[in-house]
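Asker: Build me a model from this:
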Amino acid sequence: MTSLTIRRPDDWHLHLRDGDMLRGVLPYTSAHFARAIIMPNLVPPIVTTADAKAYRERIMAALPAGDRFQPLMTLYLTQGTNPDDVEEGAKCGLVTAVKLYPAGATTNSNSGVRNFENAMPVLERMAKIGLPLCIHGEVTTSDVDIFDREAVFIETVLDPLRKRLPELRITLEHVTTSDGVDYINGSKANLAGSITTHHLIINRNNILVGAIRPHYYCLPIAKRESHRQALRKAATSGNPNFFLGTDSAPHVDPLKECACGCAGCFTSINTMSCLAHVFEEEGALDKLEAFASLNGPAWYGLAPNEGRMTLVKRDAPIEFPSKIETGAGPVTVFDPLFKSHWDVEA
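Answerer: Predicted coordinates for the structure are as follows:
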């Protein structure tokens, strides 16, 4: 196959940041993706409907002229979140989901949930009105190894929550383990999972073997090879409960290349090329449209995009810049460690 046309894809987990960084990275998403779930972990975080409205206006103001892109806004769940405000945001169509960060789990998550019991009034209201909960699925206690945090979260937090509120629709975001894949596969209802581009490509050796490579450091951290293979199998299976959420997370190089570097990989610019390469390797190019363009809208109750994207396999490998320049500083582009020949046709 040398050409593949699919519905225009969406990104169901995206960090755009704010200010100069927002203006610098947004065009790489809007060039390829019609919609994206926008993460709310700014400083300060997006915690109210009014916050989400103002942030959406800043995104739309930064959009390149002529680009048609729809940001889907989320609220950052805190122990003080007002259920009435959440419901109002959902009813007016502004709020697509609420994001749960266990406190301290990742970038700008210190305002997240420490005591899940305190968040139950909001979660119960969300279950009642059918508003999805997006979860960063990791425990943060110091006695749990960083490579086990997702599996322990599923056992000790997610499964009890789903038993308590079985009608709550939950997206387990950026699944990184076979444990997560198996748990979603075994679910009968109200659970789906997003998978990132980079977790389909790298394992923990790529971060640690030979040298520390800060631009592969992400949270949840990449796991061993067997987990990467489980993610590939899930993404290419056609199972409607798995879909693309890039978790593209730009940080300027000085904040990545330092003694206490930030977590995140910037993949918006080359995700579709990388995915076509991965799906071709797995003999599943016919499943790429489901993963990138169909399963996510179905889960969030939206119609697939009417527009189309054509991917063309070129004779020469596609060259992407190693860095992009933003008004906030340089951002390193994710290096997939292979040369893809798949190009998004203009």
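
Asker: which residues of the chain score low on pLDDT?
Answerer: The chain contains no residues with pLDDT under 70.

Asker: Now do the strands in it.
Answerer: With strands called from DSSP state E, the chain shows them at 3-7, 11-14, 35-38, 70-76, 95-100, 133-135, 170-172, 191-195, 242-244, 308-313, 323-326, 329-332, 342-344.

Asker: Skipping its backbone neighbours, what lies nearest residue 228 in space?
Answerer: Take residue 228 and drop its neighbours on the chain: the residue closest to it by CB to CB, 6 or more residues apart in numbering is residue 203, 4.8 Å away. The way it works is simple: take the backbone N, C-alpha and C, and place the C-beta from them, glycine included.

Asker: Mind putting the strands of the chain into a markdown table with distance to residue 115 and mean neighbour count?
Answerer: Listed next are these as a markdown table, based on distance: least, CB to CB, whole Å; neighbours: other CB atoms under 10 Å:
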| stretch | distance to residue 115 | mean neighbour count |
| --- | --- | --- |
| strand 3-7 | 42 | 16 |
| strand 11-14 | 25 | 26 |
| strand 35-38 | 26 | 25 |
| strand 70-76 | 16 | 23 |
| strand 95-100 | 12 | 24 |
| strand 133-135 | 16 | 25 |
| strand 170-172 | 19 | 26 |
| strand 191-195 | 23 | 25 |
| strand 242-244 | 31 | 27 |
| strand 308-313 | 44 | 17 |
| strand 323-326 | 37 | 14 |
| strand 329-332 | 36 | 18 |
| strand 342-344 | 45 | 20 |
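
Asker: Make JSON lines out of the ones you listed and add distance to residue 208.
Answerer: Output for those, formatted as JSON lines (distance: least, CB to CB, whole Å):
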{"stretch": "strand 3-7", "distance to residue 208": "35"}
{"stretch": "strand 11-14", "distance to residue 208": "25"}
{"stretch": "strand 35-38", "distance to residue 208": "30"}
{"stretch": "strand 70-76", "distance to residue 208": "31"}
{"stretch": "strand 95-100", "distance to residue 208": "29"}
{"stretch": "strand 133-135", "distance to residue 208": "27"}
{"stretch": "strand 170-172", "distance to residue 208": "25"}
{"stretch": "strand 191-195", "distance to residue 208": "22"}
{"stretch": "strand 242-244", "distance to residue 208": "26"}
{"stretch": "strand 308-313", "distance to residue 208": "33"}
{"stretch": "strand 323-326", "distance to residue 208": "23"}
{"stretch": "strand 329-332", "distance to residue 208": "18"}
{"stretch": "strand 342-344", "distance to residue 208": "29"}
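
Asker: ok so, going back, next one: the residue nearest to residue 228 from residue 234, what distance?
Answerer: Plainly put, residue 203 is 15 Å away from residue 234 if you go by CB to CB, to the nearest Å.

Asker: How about residue 325?
Answerer: Note on residue 325: its distance to residue 234, by CB to CB, is 36 Å.

Asker: before we move on, what about residue 110?
Answerer: Taking CB to CB, one finds residue 110 at 31 Å from residue 234.

Asker: quick one: which of those two has more around it?
Answerer: Applying other CB atoms under 10 Å to residue 110 and residue 234 shows that residue 234 carries more neighbours, namely 23 against 13.

Asker: In contact with that one, which residues?
Answerer: 175, 181, 184, 185, 193, 195, 242 (CB atoms under 8 Å, 6 or more residues apart in numbering).

Asker: right, and out of those, which lies closest to residue 219?
Answerer: residue 175 (13.2 Å; CB to CB).

Asker: surely the closest one meets residue 193?
Answerer: Yes. Using CB atoms under 8 Å, residue 175 is in contact with residue 193, at 4.3 Å.

Asker: what sits in contact with each of the two?
Answerer: Residues touching both residue 175 and residue 193 (CB under 8 Å, 6+ apart): 181, 184, 234, 242.

Asker: in the longest helix seen in the chain, what counts as buried?
Answerer: The helix that spans the most residues within the chain, counting by DSSP state H, is helix 49-62. Across helix 49-62, burial judged by 16 or more other CB atoms under 10 Å covers 49, 51, 52, 55, 56, 59, 62.

Asker: residues touching the second one, list them.
Answerer: With contacts defined as CB under 8 Å, 6+ apart, the neighbours of residue 51 are 40, 45, 75.

Asker: for the fifth one, same thing?
Answerer: With contacts defined as CB under 8 Å, 6+ apart, the neighbours of residue 56 are 38, 71, 73, 94.
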